[in-house]
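> give me a 3D structure for the following:
(2 chains)
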Amino acid sequence: KAGVTQTPRYLIKTRGQQVTLSCSPISGHRSVSWYQQTPGQGLQFLFEYFSETQRNKGNFPGRFSGRQFSNSRSEMNVSTLELGDSALYLCASSLLGRPNEKLFFGSGTQLSVL
Amino acid sequence: QKEVEQDPGPLSVPEGAIVSLNCTYSNSAFQYFMWYRQYSRKGPELLMYTYSSGNKEDGRFTAQVDKSSKYISLFIRDSQPSDSATYLCAMSARNTDKLIFGTGTRLQVFP
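Below is the predicted model of the structure:
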């Protein structure tokens, strides 16, 4: 069974630009969550999608958005990039998205904003 | 104050040592406790899962939950260089939609 795939692995952008990250969950998983990971803050929850609907959202500004397609693949978009957006962005999938379920993480997209 | 506190380390130990990794939490409603291991340039992977109080053992790893003290631990016996990674605790309460992660403890096991 293929794992969670995130593309691209690395991205370098400049302030003010926008970026789109992609996540393909494990086959059969309907829930996709996105996290931002930085050395100081750890894993911060961005949002969770289930069956194409955003079910939960973390405490991030509206510049961070996402969507999920009918095949459960998900994309995350960050507009008007700021230096502080430099981080590892992780996607995780699970069957139903319950908080006590095992999460399967991708290897992440390392975003650097210059 | 964060809901889950975890010492970031780094924790550096010699091969063969017993390692103790810990998290404290403030929400007494937490019932599900997990430990994830994250290797460099990889995503976290679930290592141990415990429901409510007590111990759980899996090979060299033991997860312990003390709900009265709001304290969870992960013990690694006979630590190996391959155990060098960041260990994140995570926890959630029943009937909620939130999984809360600790910031992670970086462990280095040297030969």
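
> all contacts plus neighbour counts: C-alpha atoms, from now on.
Will do.

> low-confidence regions, chain B specifically.
Across chain B, no stretch falls below the confidence threshold (pLDDT under 70).

> who in it is up against chain A?
Counting by C-alpha under 8 Å from any C-alpha of the partner chain, chain B comes close to chain A at B:32, B:41-46, B:91-92, B:96-99, B:101-104.

> and stretch B:55-71, how far out from the chain middle?
From the chain centre to the centre of stretch B:55-71 is a distance of 9 Å (C-alpha atoms, centre = their mean, to the nearest Å).

> what's the first helix or strand after the helix or strand residue A:33 falls within?
Taking DSSP states H and E as the criterion, residue A:33 maps to strand A:31-38. Per DSSP H and E, strand A:31-38 leads on to strand A:42-50 as the next helix or strand towards the C-terminus.

> touching chain B at all, that next one?
Yes. Applying C-alpha under 8 Å from any C-alpha, one finds strand A:42-50 touching chain B at A:42, A:43, A:44.

> and the next helix or strand past that strand?
Past strand A:42-50, further along toward the C-terminus, the next helix or strand under DSSP H and E is strand A:53-57.

> show me what from chain A comes close to chain B.
Counting by C-alpha under 8 Å from any C-alpha, chain A sits next to chain B at A:39-44, A:56, A:90, A:98-100, A:102-108.

> buried subset of the residues you listed, written for ChimeraX?
Command for ChimeraX that selects the buried part of these, burial taken from 16 or more other C-alpha atoms under 10 Å in any protein chain shown:
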select /A:42,43,44,90,98,99,100,102,103,104,105,106,107,108
